[in-house]
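Visitor: quick one: sequence and predicted model below, then my questions.
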Amino acid sequence: MPTVLVILPEGFEELEAVAPIDVLRRAGCTVTVAALGSGIHVTGRNQLVMHADLPLASLPPAACVHDCLLLPGGPGVALLRAAPEIRTLVERHHAAGSWLAAICAAPAVLHDAGLLAGRRYTAHPSVAGELQEILADERVVRDGLLITSRGAGTALDFGLKLVSVLVSPEKAAEIAASIRF
């Protein structure tokens, strides 16, 4: 089954993390949730505390490349952008031919790594000043191995698109039907 690494910084947008994690796990994917900080409890923007599997720093180097790297948005994106280890992870996943998935403001992390030039993508309007090619009317955009989405309101669409590409369109449709999407 596909492996997915989700990075949670303090201030992450809860829906943008939980909805994709949920549908990916329903699809049978192995999802590892790593906290950007030193502990395993991460507080989201709306004060929901999520229990990560481990701190990112304790992830063994051999386990640092997954089939997909998922970055949720929210105010915590500033911490993702400021952390050199995140850029290294993004570059490592890109070089390995892994999927890169970012929602809300998190496509800015991909922009910082130089991965959005000449690509189709969407993101939250809050980063439109930096990401001037946002496809503002698209809920989810796939361009090669890059999947982006607009925000909390598109989190289920985003998660189901990830299931579609990582597992199968049929599995995504099955999950969508089971949750009455």
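Guide: Nice, thanks for sending it over.

Visitor: count the neighbours of M1 for me.
Guide: Number of residues near M1 (other CB atoms under 10 Å) recorded here: 12. In short, each C-beta sits where N, CA and C put it, glycine included.

Visitor: for it, which non-adjacent residue is spatially closest?
Guide: Leaving aside its sequence neighbours, M1 sits nearest to G28 (CB to CB, 6 or more residues apart in numbering; 4.8 Å).

Visitor: per-residue pLDDT, P61?
Guide: Listed pLDDT for P61 reads 69.

Visitor: secondary structure element for the closest residue to A155 other than its chain neighbours, which one?
Guide: Spatially, and ignoring its direct neighbours in sequence, A155 is nearest to A19 (3.7 Å; CB to CB, 6+ apart). According to DSSP states H and E, A19 maps onto helix 14-26.

Visitor: so what touches that helix?
Guide: Helix 14-26 has contacts (CB atoms under 8 Å, 6 or more residues apart in numbering) with 4, 6, 8, 31, 33, 44-46, 48, 50, 70, 72-74, 101, 103-104, 106, 149, 151-152, 155-156, 158-160, 162-163, 166, 172, 175, 178-179.

Visitor: for the residue nearest to A155, give its distance to A136.
Guide: Applying CB to CB, to the nearest Å, the value for A19 to A136 is 21 Å.

Visitor: neighbour count for those two, which is higher?
Guide: When A19 and A136 are compared for neighbours, A19 comes out ahead with 21 against 10, by other CB under 10 Å.

Visitor: what subset of the contacts of helix 14-26 is buried?
Guide: Buried by 16 or more other CB atoms under 10 Å: 4, 6, 8, 31, 33, 44-45, 50, 70, 72-74, 101, 103-104, 106, 149, 151-152, 155-156, 158-160, 162-163, 166, 172, 175, out of the contacts of helix 14-26.

Visitor: appreciated, that's everything.
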